[in-house]
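Trainee: fold the following for me, if possible:
(2 chains)
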2 protein chains.
Amino acid sequence: MPNYGKPLTDVRLNDRFWNRFRETAVREGIPYQWKALNDQLPEDTEPSYCMRNFRIAAGKEQGKFGGFVFQDSDIYKWLEGVAFSLRWHPDPALEAIADGAIQAVADAQQPDGYLDTYYIIGGLDKRWTNLRDNHELYVAGHMIEAAVAYYQVTGKRALLDVATRFVDHIDSVIGPEEGKLRGYPGHPVIEMALMRLYAVTGDEKHLRLAKYFVDERGQRPNFFQQEDERNPNRFYWKDSPLRYRYYQAAQPVREQQDAEGHAVRAMYLYSGMADVARVTGDADLARACRTLWDSATRRRMYITGAVGSSEHGEAFTFDYDLPNDTVYGETCASIGLVFFAKRMLLMEQKGEYADVMERALYNGVISGMQLDGKKFFYVNPLEVVPEACEMDAHKRHVKPERQKWFGCACCPPNLIRMLTSLEEYIATEKGDAVYLNLYAGGEIRADGLALKVETNYPWEGEVRVEVTPDAPCRRTLALRVPGWCRAWTLKINGEAADIAPTDGYILIDRTWNPGDAVELTLDMTARWVRANPRVREDAGKLALQRGPVVYCLEEADNGAALHGVRVGQQARAEASWEPETLGGVVTLSTDGLREQEDGWDGALYDFRDAPAARPVKLRWIPYYAWANRGVGEMRVWIRG
Amino acid sequence: MPNYGKPLTDVRLNDRFWNRFRETAVREGIPYQWKALNDQLPEDTEPSYCMRNFRIAAGKEQGKFGGFVFQDSDIYKWLEGVAFSLRWHPDPALEAIADGAIQAVADAQQPDGYLDTYYIIGGLDKRWTNLRDNHELYVAGHMIEAAVAYYQVTGKRALLDVATRFVDHIDSVIGPEEGKLRGYPGHPVIEMALMRLYAVTGDEKHLRLAKYFVDERGQRPNFFQQEDERNPNRFYWKDSPLRYRYYQAAQPVREQQDAEGHAVRAMYLYSGMADVARVTGDADLARACRTLWDSATRRRMYITGAVGSSEHGEAFTFDYDLPNDTVYGETCASIGLVFFAKRMLLMEQKGEYADVMERALYNGVISGMQLDGKKFFYVNPLEVVPEACEMDAHKRHVKPERQKWFGCACCPPNLIRMLTSLEEYIATEKGDAVYLNLYAGGEIRADGLALKVETNYPWEGEVRVEVTPDAPCRRTLALRVPGWCRAWTLKINGEAADIAPTDGYILIDRTWNPGDAVELTLDMTARWVRANPRVREDAGKLALQRGPVVYCLEEADNGAALHGVRVGQQARAEASWEPETLGGVVTLSTDGLREQEDGWDGALYDFRDAPAARPVKLRWIPYYAWANRGVGEMRVWIRG
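Mentor: Numbering: from 1, shown residues only, chains lettered A, B, ... in the order given. Just a heads-up that it's a prediction; the model follows:
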């Protein structure tokens, strides 16, 4: 620690809030997805073809390639999730299945190390001719990530050997040297994957290749354009204002000023950039990362941690353009934002990064999964009128209920690997300090210290950390004061302590003895949030947040026509723990006003006063839990 | 009068407001469009191919068909506009050009009467195989409309003869009789066209065919589906929620409850329905018209008279769904709404219909044309942020500036024929009464009465009507009190008169003598408008209207970030006549508040009070005149 990418295997989570999500992921998600990858779901579900493709590629079955060009990545994401789950939820039967899947993957590998079933089945002569859109390097990236995780958790090298052979092949074909393709992936992920690989192999080739992919991207002349001249492929974004920006490849990454294009690709790229910057100590690249971080999170992010304002390209649009009803806000993009935030945090231990990580995790990430783990959102809107999703073509990507397995199944396995690897995000070490970035119950072993965290976060603000050093030692325990927290108290061994936070963390520098305990109490008063006045869609509106949890109004509690509800900033929210509601949540209750719709007698426009409004009690639920009680309206931003 | 469709040739407009638009149409629009139809515009303009298609069809030139399948309709709409213009703006040179164009059309007619260059050039064996999408009956409808107008104005029968021969051919091919295609047009217009033809020919066949098209539409089994089974054609709306509703053909018209589908088609269909209902005295069909009128105008119309909320299908969506920024609001649809309103007015002389007609004419219709007559809007948004039109794919149909000639050039010639035929909408007769529906300067001859109207409407509220009977006679002069008018005074020969309006009209029933004069003074105080509280997008917002003119804020006057402007309902608007502004308009000035954007220091969300706001003077211009001073933001609905 913080050796990059190596899991914090000394974190053991046992958290009331996260346990439920993680157990759902293991109990429902992993078995369901394995069925999906093997086309064993009910017939009304689109087949995946994923494992079948591997069998065909290995010559064990006859047939054509099925699914998307990047279909291989599904098994890799699944394997990564399985690997992470085996850390804290050993399951020999599942591990045997995973070993079998890895064997199926290995069987398809070509003698030269190449492994992408789309081209193995469809014709190897065409491989590496469409780096822009055909995802070979993306598939390789997910393979590497799975391989590293599986190796770290199980110690088994089979997939790692497959991956390193594939990387050797890639290195022989792509790169700056004469005779190689001077290309880079249309969909980033291999950059961060190679950095994880480098962390376990120490092979400089892996670092060099990651650095090459980061720095070559967007150089002039543009590789994608040259590639297209050599091998014309349908260029979907040709007439879009996005064009190469869709791929974050219109400029070299160090020149890019704005978070642009496909949001998932952007987050993955920036994550890889941050890895390279940190490991190589490249200050200029670190600066570029901060520029893109600021753009993404200070001007282009929703209050839920969703990113990607537009369905067109699943992409960023422009500063402060954050429509709540036509948003894309892909679950994977919020997951990518968590990756990016963690890597910024490793580079600079500042609370700002953890704040964004927390914002995404408790809101826009877990909103992607139904509470029972069986259905998923791609798109995470902040305002839904079901009739509009049906009748307004511009909102048809917005679904008022979560969907079953998708043909393009990126989000469900991405959610699984995120939830199963939450250990990775809890704590970081820097120098002699252990930083607690997120508050969740469990045990953390840092160099010479055992920390036991007890909390009912995010529903309650008390966090107790019991510190047990192997032997009394001087270390710094750094406790994050979340950006949303306006008041807190700290006790060390029962005595009040007053330490001003530095960069968002209370640094407790002392000699620790067995039995020491620190108690941090965060004020969890729910507060009204306003958006920066430049955000057009939120002007004059308020959102409600308690701790890191963003709330919403649903039709199920408050009736339809939520646009006719108003709130006042002076209204106080009463919090209630409701163990039987939505898997156990704190609901909020506030006063509000409900505008009257009657009395218009068929008139559509008239010279009238504002509609009369009657006082109502509003019932708010956590945003992540919306759409678990049937189809209805939902709103985060309410007229103030 | 009110013999259907026969122009009120006894209206001579000489109106300060309309003269400018009409002269622009004649001076700029008609010559420009003739060049367009002959591919004589600069090379960066998409060719029309329209007249070339006729020459090829007539065997006078070799080549392939060019343009859209309905390209022929462009010349017909142009000819109709020319015809109307010749009524009040004689121009022998133009008439000679039009005669030549008519000859070119006639030359292409087939021996059996058929005339659609798409199929004449592409293969007559395929004709009548795709009524749903290939527009033969639509093209025929526009031909008929042009033919009737040209005949009525010039007395020349050439095009009328072509049209009646084409109708005879259609009647021989399509209809309920055994052996004929039991079809109807995918794009209505022939229904109202045939009713206009019937008005000049008196031929029952023309009435029968119009009635057939109205009543056959949407009957089960669905003709379009049967046609598709016989001759499969690509069905663009197959997977859309619209499907046959796009064509208003999912149900028989008498069963339809909502204004649905493509808005222009809907308006044209409903206009034809109203014609048939009135002429045949079909009370049930009249009831169906009222149902659709109520749906379109009481639940699905913008304050500007725009209709069609969505770019998907250029279509209606659902009740009270009126987004201001992603609206379609096609210029042609507002023109169609004027057609429909006039026909409802002919059926029932109620002010409600004239109110909508006026709303559309002074706002959403003329907003379609740049003040210099050289550029046009298809889409008429009520809220524009130029950057969003570029960067947000869901707003790319919304243009922040008017465009040159379109490949699909429906709106420009439609605007021309609307402006050149305004005489048609001013007055109607019913029994012994002459109804003034719109106030515009000019002279009107009704049975035995000459009316001279003097007004500076819509900028001033005084309307003086001098009545000169051929001989003293008892008649009713009916003056409309617009729905927006809250106070008025009436003088008859200088003496105050107090007559309560009936159905929106002040009925002055008296014996008229030479020199009689009526003066109606409408209170033109600008007022704040609210939308029905069910309209989500306008909740908490105000619009400003003065007389029939809806106002807007533009960046040119008020800076950008118009979402940060607030107004109060108590604010009074000061009106100023500005002859040098935007061709001469009354501008409005109100107090307002401008929210401050500074002080957020890069924060995107925060627990804060509402942003501080400073008082500002807001300058409002008529909506129709927006986007005549460069690219910038515009808003109609302002936060209240």
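
Trainee: and the pLDDT for the residue in the stretch 1-150 of chain A that chain B sits nearest to?
Mentor: Among all residues of the stretch 1-150 of chain A, residue A:46 sits closest to chain B, at 15.3 Å; criterion: C-beta to the nearest C-beta. For the C-beta atoms, the positions are set from N, CA and C on the backbone; glycine is no exception. Here the pLDDT value assigned to residue A:46 is 82.

Trainee: now swap in residue A:410 and tell me
Mentor: For residue A:410, the model assigns a pLDDT of 74.

Trainee: OK, contacts around it?
Mentor: A:73, A:77, A:264, A:332 (C-beta atoms under 8 Å, 6 or more residues apart in numbering or on different chains).

Trainee: show me how to select, in PyMOL, the buried members of those residues.
Mentor: Of those, the buried ones can be selected in PyMOL as follows, counting by 16 or more other C-beta atoms under 10 Å in any protein chain shown:
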select buried, chain A and resi 73+77+264+332
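
Trainee: redo the contacts of residue A:410 as CSV? Include secondary structure and pLDDT.
Mentor: CSV is the format used below for the contacts of residue A:410 (DSSP: H, G, I helix; E, B strand; the rest coil; pLDDT from 0 to 100):
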residue, secondary structure, pLDDT
A:73, helix, 96
A:77, helix, 96
A:264, helix, 98
A:332, helix, 96
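
Trainee: stretch A:18-26: which residues count as buried?
Mentor: A:18, A:21, A:22, A:24, A:25, A:26.

Trainee: for the stretch 201-350 of chain A, which residues are neighbours of chain B?
Mentor: Within the stretch 201-350 of chain A, the positions adjacent to chain B are A:240-241, A:294, A:297-299, A:301, A:303, A:309-313, A:317-318, A:321, A:323, A:326 by C-beta under 8 Å from any C-beta of the partner chain.

Trainee: quick one, which of those residues are buried?
Mentor: With neighbours counted by 16+ other C-beta under 10 Å, those contain buried members at A:241, A:294, A:297-299, A:301, A:303, A:309-313, A:317-318, A:321, A:323, A:326.

Trainee: out of the residues you listed, which sit inside helices?
Mentor: By the criterion of DSSP state H, membership of those in helices covers A:294, A:297, A:298.

Trainee: so for the nearest residue to the first one once chain neighbours are set aside, what's the pLDDT?
Mentor: Right, the one you point to is residue A:294. Excluding the flanking residues, the one nearest residue A:294 by C-beta to C-beta, 6 or more residues apart in numbering or on different chains is residue B:602, at 7.0 Å. Listed pLDDT for residue B:602 reads 84.

Trainee: residue B:602 and residue A:297 touch, don't they?
Mentor: No - Residue B:602 lies out of contact with residue A:297 (C-beta atoms under 8 Å); the separation is 9.6 Å.

Trainee: next, the distance between the ends of stretch A:47-64.
Mentor: In stretch A:47-64, first residue to last residue: 13 Å (C-alpha to C-alpha, to the nearest Å).

Trainee: likewise for stretch A:315-323?
Mentor: Using C-alpha to C-alpha, one end of stretch A:315-323 lies 13 Å from the other.

Trainee: quick one: contacts of that stretch?
Mentor: With C-beta under 8 Å, 6+ apart as the contact definition, stretch A:315-323 has outside contacts at A:242, A:246, A:258-263, A:266, A:295-296, A:299-302, A:307-310, A:328, A:531-532, A:534-538, B:387-388, B:391-392.

Trainee: looking at those residues, which are in strands?
Mentor: Applying DSSP state E to the contacts of stretch A:315-323, the entries found in strands are residue A:531.

Trainee: so which residues of the stretch 101-250 of chain A form strands?
Mentor: Under the criterion DSSP state E, counting those that start in this stretch, the stretch 101-250 of chain A contains no strands.

Trainee: ok so, going back, what's the helix or strand for the residue of the stretch 1-150 of chain A closest to chain B?
Mentor: Residue A:46 belongs to no helix or strand when assigned by DSSP states H and E.

Trainee: and what of the one 5 residues further on?
Mentor: Taking DSSP H and E as the definition, residue A:51 sits inside helix A:50-57.

Trainee: can you list contacts of that helix?
Mentor: Taking C-beta under 8 Å, 6+ apart as the rule, helix A:50-57 contacts A:37-39, A:61-67, A:71-72, A:74-75, A:101, A:104-105, A:107-108, A:117-118, A:120-121.

Trainee: hmm, try it at 7 Å
Mentor: Residues outside helix A:50-57 that contact it (C-beta atoms under 7 Å, 6 or more residues apart in numbering or on different chains) are A:37-39, A:61-63, A:65-67, A:71-72, A:74-75, A:104-105, A:108, A:117, A:120-121.

Trainee: and stretch A:178-186, by the same measure?
Mentor: Outside stretch A:178-186, the residues that touch it by C-beta under 7 Å, 6+ apart are A:128, A:131-133, A:135, A:137-138, A:173-174, A:176, A:213, A:216-217, A:223, A:227, A:247.

Trainee: most neighbours among those, which one is it?
Mentor: Neighbour counts for those peak at residue A:247, which has 28 neighbours (criterion: other C-beta atoms under 10 Å in any protein chain shown).

Trainee: check contacts around that one.
Mentor: With contact set as C-beta under 7 Å, 6+ apart, residue A:247 has these partners: A:132, A:186, A:224, A:261, A:265.

Trainee: over to the second one: give its phi and psi.
Mentor: For residue A:186, the backbone dihedrals are phi -70, psi -30 (criterion: degrees, to the nearest 10).

Trainee: how near is it to chain B?
Mentor: As judged by C-beta to the nearest C-beta, to the nearest Å, residue A:186 and chain B stand 19 Å apart.

Trainee: same check, this time on the third one
Mentor: Distance from residue A:224 to chain B, counting by C-beta to the nearest C-beta: 21 Å.

Trainee: next: the fourth one.
Mentor: Residue A:261 sits 11 Å away from chain B, taking C-beta to the nearest C-beta as the criterion.

Trainee: so who does that residue touch?
Mentor: A:242, A:245, A:246, A:247, A:248, A:313, A:315, A:316.

Trainee: which of the contacts of helix A:50-57 fall within helices?
Mentor: Assigned to helices by DSSP H, the following of those qualify: A:37, A:74, A:75, A:104, A:105, A:108, A:117, A:120, A:121.

Trainee: of the residues you listed, which is the most crowded?
Mentor: For the ones in helices among the contacts of helix A:50-57, neighbours tallied by other C-beta under 10 Å; top is residue A:75, 29 neighbours.

Trainee: surely that residue touches residue A:36?
Mentor: No - if you go by C-beta atoms under 7 Å, residue A:75 and residue A:36 don't touch, sitting 10.4 Å apart.

Trainee: so which residues on the stretch 401-550 of chain A come close to chain B?
Mentor: Residues of the stretch 401-550 of chain A found near chain B (C-beta under 7 Å from any C-beta of the partner chain) are A:527, A:528, A:529, A:530, A:531, A:532, A:533, A:534, A:536, A:539, A:540.

Trainee: so residue A:428 sits right up against residue A:437, yeah?
Mentor: Yes - the criterion here is C-beta under 7 Å, and residue A:428 meets it with residue A:437 at 6.2 Å.

Trainee: between the two, who's got more neighbours?
Mentor: Legend: neighbour count by other C-beta under 10 Å for residue A:428 and residue A:437, higher for residue A:437 (25 against 21).

Trainee: having no further points to raise, I will conclude here.
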